[in-house]
Structures are given as structure tokens and as C-alpha cells.
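Undergrad: Sequence first, predicted model second:
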Amino acid sequence: MSHGGDNAGVVGRKKDKVVVCRDLKEKIMPLLYSREDLEVVLWPEDRACERPWLLENIKGAAGVILVLGEKVNTEFLEAAGPNLRAVSTMSVGHEHIDKVEVTKRGIKVGYTPDVLTDAVADISVMLALMASRNVGETIDLVNRGLWPAFSWSPFAFCGPQLSTSTPNATRTVGFLGFGRIAKATLSRLVPFGVTHCVYSSRPTSKPDPVADAKLAKELNIQEVRRVSMDELASQSDVVFVLAPGGAETRHLINEDFLKKMKESAILVNTARGTLVDSDALAKALRERWIWAAGVDVVEGEPNVDQTHPLVKEPKCVVLPHIGSATIETRLAMATLAVKNLLAGLDGKPMPAPLIT
Ligand SMILES: O=C(O)C(=O)CO
């Protein structure tokens, strides 16, 4: 669907074509349609944009708004040609963008950090609770009409309790990756009685014990401490995976890590499926190395069906990548994506630049 057309409304100057890979709906699209200097080409369906359509329509475009599934690689950039000057991804993750190729061509890239922090932190806590309290398995029983066979019974469906108000009890939460979403998740867990936070970060980042102590003081917990992967595994009651995806972090959560976790521990992944070896996690759950898992992302998504090792596993709650799916957050992401694009096209600084 094309909105604008050659030269309509702009005398003597060819319009800049912008391709929009998802319909951003009536609250957001007018921000683009109101620009008389743009020809907006919109993928017309409410599903993932087909690659051949994108490669055909990106030809000669000046800008594009896309989402996680759309790879910005050499094939894409060559199809676009030299007019392309702004790429805007409606995501905080950017492993679908070949940064080297984009930089070589002088193309600006914007993304949508911060605006989804709260939504993803919320769902991270939710998954920790759902996994520990057997929500996946028990909802399934109810939906299959099996409640009568499981009348209330003293120890049925019990799981480890995340919260505690018992004096001197400890609760340690662990984070693989300690950025904005991890810190927002931690702060939500403080009222649950969390006493300790351990985290692992990329080896190239500098440890900052002073900042850690300051954060612990602000949150009124006993400690925030950077640890090795082994300590992260062995000390955490819940491990939250919140690091970026990509080749560098692939399968950081593997058999070796899972074997070192507590038997009562929960693993939550709300970052990228590739960080967790699905077969290893399924084995860890089946063989009870850990208690349960909750994941919003899995390897191979979105092509995931009932045969996926984690979907088959009753102790794993699997959600279809809905971490940022609140109305408020998606509107904020879409608005920021459009603002990034327009700033990039207008030669102004993007509000949330990834590559300038
Ligand atoms: O923005 C991202 O990177 C997402 O995964 C969307 O929730």
C-alpha cells in the first residue's frame, strides 16, 4: 500500500520513499502520512513482512521502519541502494542489523530503548512467579477439564516461594546482564523480601563495586555484587537472563551452567532465545536439576510449535515474545521509531540513536 505517490503535493522535488514493515495503526501512521515530502509504502498485512516484498519495495527508499524479524544485511542494503539514509527499528534489540555494513554506508540507525523497560521488568517478575508456582501445568489441567481429579490436597502443586518475610531468611536473585531492565526487575523484587543480588556482565565492562554498593543502599538490600558465571548459577534462587542476543552470548546458559544451579532455582529468559540452549534447559527440567523455567523468548522463534523441546516440557512456561506488549509501551515504541526515522531523514539527531 502506497500513500503519497510521485511528487504529489511537493512541487519540483521527488518525494522520499519510506517503507514501513508493520502497520503502526491510526494513532501513529498519521505522523508519517502528514509529511507531504514522504511517500509511505506500508506492508499491507498484519503479519510478518515477506522478504521478497521488502526487497522489492526497499529499492530506492530513503528510510525504513522495521521490527526484529527483518534482517538489515548486505542483501537488504544492496537492494535498497544508495538513497537509504535512515533505518529505524521498533525494538531495543538490534542483532538483526549488520552494524558494520550499515556504518560503512553512512546510514543512521535508531532503536527504542528505555520505553519498554517497565513492561519487560513486569513480565520477568510474572514469569518467575508463574514458573515457581506451577502456573503453566495447573492452568493446563483446568483448561483440559481435569480440576475434579485434583481436589485441594496438602502438598499438590507446591513450589518454592519467591517472597519471604521470615526474619533472617535470604533470597538471592541473579542477573545475566545488568542493564536497565535487570535493575528495574530487581527493584520490583525488593518488596518480595529479596536480600541479595548477584550479576554477571560482559567481560569487557569494568567492575564498579562502588556503584553496586550504592545501589544496594538505595534499594535497602544486603548486597549487589558482580560475580562469575559459576557463582551466578550456584547462588541464585532465580536467574534472570537479560543480556543482549547475538553470536557472543549464544548458549551462555548451557548444561554446565544449569548443573551448577540450585535444585529449587528458577530460570527466567526475557531477553533472547539464543542465550539459552533449549535442549540443555529441557534436560535440566526433565531431570530436575532446577525447579522450573519461564521464558518469553526461545531459539528458533517464531517457528515454534508443540514439538519444541521447551514447549513440550511441563515445567517450562513459554510465552510468545510478549514482554513489551502493553498498549502504553507499544505506542511509545512506535512513536519513538517514527521520531527516529523522521529525524534521520531530516538530518537531525535521532532521539534514540544506535548508529549516528
Ligand atoms: O524490543 C525488543 O528487542 C524486543 O524484544 C521486543 O519486546
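TA: Received it, and whenever you're ready, just let me know what you need. Bear in mind the structure is a predicted one, so any value in this text is a computation, not a measurement.
Undergrad: For the stretch 201-350 of the chain, which residues are neighbours of the ligand?
TA: 323-324 (Cβ under 6 Å from any ligand atom). Glycine gets a C-beta too; all of them are placed from N, C-alpha and C.
Undergrad: Quick check: the residue of the stretch 201-350 of the chain nearest the ligand.
TA: Nearest residue of the stretch 201-350 of the chain to the ligand (Cβ to the nearest ligand atom) works out as residue 324 at 3.4 Å.
Undergrad: and that residue, that one's in a strand?
TA: No - going by DSSP: H, G, I helix; E, B strand; the rest coil, the assignment for residue 324 is coil, not a strand.
Undergrad: What are the phi and psi values at it?
TA: Per-residue torsions, residue 324: phi -100, psi 10 (degrees, to the nearest 10).
Undergrad: Find the centremost residue of this structure, please.
TA: residue 271 (4.3 Å; Cα atoms, centre = their mean).
Undergrad: Tell me the secondary structure at that one.
TA: On the basis of three-state DSSP, residue 271 is classed as coil.
Undergrad: Identify the residues contacting stretch 85-96?
TA: Outside of stretch 85-96, the residues within contact range by Cβ atoms under 8 Å, 6 or more residues apart in numbering are 22, 62-72, 97, 102, 106-114, 116, 244-246, 272, 333-334, 336-338, 340-341, 343-345, 350, 354.
Undergrad: What residues does the stretch 1-150 of the chain have near the ligand?
TA: 68, 91-93, 116.
Undergrad: try 8 Å
TA: 68, 90-94, 111-112, 116, 119-120 (Cβ under 8 Å from any ligand atom).
Undergrad: In those, find the pair that's most separated.
TA: Largest separation among these by Cβ to Cβ: 94 and 119, giving 18.1 Å.
Undergrad: State the distance from residue 92 to residue 121.
TA: 13 Å (Cβ to Cβ, to the nearest Å).
Undergrad: ditto for residue 170
TA: 22 Å.
Undergrad: who has more neighbours, those two?
TA: Neighbour count, other Cβ atoms under 10 Å: between residue 170 and residue 121, residue 121 has more, with 24 against 13.
Undergrad: you'd agree that one is up against residue 181?
TA: Yes - between residue 121 and residue 181 there is a contact under Cβ atoms under 8 Å: 5.6 Å.
Undergrad: where exactly do the helices run in the stretch 51-200 of the chain?
TA: Remark: helices assigned in the stretch 51-200 of the chain by DSSP state H, counting those that start in this stretch are 51-57, 74-80, 99-104, 117-132, 135-143, 180-189.
Undergrad: got a list of what the closest residue to residue 82 other than its chain neighbours touches?
TA: Using Cβ to Cβ, 6 or more residues apart in numbering and skipping residues adjacent in sequence, the residue nearest residue 82 is residue 105, 7.8 Å away. Going by Cβ under 8 Å, 6+ apart, residue 105 touches 77, 82, 84.
Undergrad: So which of those residues is surrounded by the most neighbours?
TA: Within these, residue 84 tops the neighbour count with 25 neighbours, counted by other Cβ under 10 Å.
Undergrad: Would you confirm that that one contacts residue 64?
TA: Yes - the pair residue 84 and residue 64 passes the contact test of Cβ under 8 Å, sitting 7.2 Å apart.
Undergrad: which residues are in contact with both of the two?
TA: What both residue 84 and residue 64 touch, as defined by Cβ under 8 Å, 6+ apart, is the set residue 58.
Undergrad: my guess is residue 341 contacts residue 111, does it?
TA: No - using Cβ under 8 Å, residue 341 is not in contact with residue 111; the gap is 11.3 Å.
Undergrad: okay, the two: which has more neighbours?
TA: More neighbours surround residue 341 than the other of residue 341 and residue 111, with 27 against 22 (other Cβ under 10 Å).
Undergrad: pLDDT added to the residues of the stretch 1-150 of the chain next to the ligand, as JSON lines?
TA: Output for those, formatted as JSON lines (pLDDT from 0 to 100):
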{"residue": "68", "pLDDT": "94"}
{"residue": "90", "pLDDT": "98"}
{"residue": "91", "pLDDT": "97"}
{"residue": "92", "pLDDT": "96"}
{"residue": "93", "pLDDT": "95"}
{"residue": "94", "pLDDT": "95"}
{"residue": "111", "pLDDT": "98"}
{"residue": "112", "pLDDT": "98"}
{"residue": "116", "pLDDT": "98"}
{"residue": "119", "pLDDT": "98"}
{"residue": "120", "pLDDT": "98"}
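Undergrad: Please pick the buried ones from these.
TA: Among these, those scoring as buried are 68, 90-94, 111-112, 116, 119-120 (criterion: 16 or more other Cβ atoms under 10 Å).
Undergrad: Residue 273 reaches residue 300, doesn't it?
TA: Yes - here residue 273 reaches residue 300: they are 6.9 Å apart, a contact under Cβ under 8 Å.
Undergrad: neighbour-wise, which of these two wins?
TA: The neighbour count for residue 273 versus residue 300, taken as other Cβ under 10 Å, is higher for residue 273 (21 against 13).
Undergrad: Between the two ends of stretch 200-214, how far is it?
TA: Using Cα to Cα, to the nearest Å, the end-to-end distance of stretch 200-214 comes out at 17 Å.
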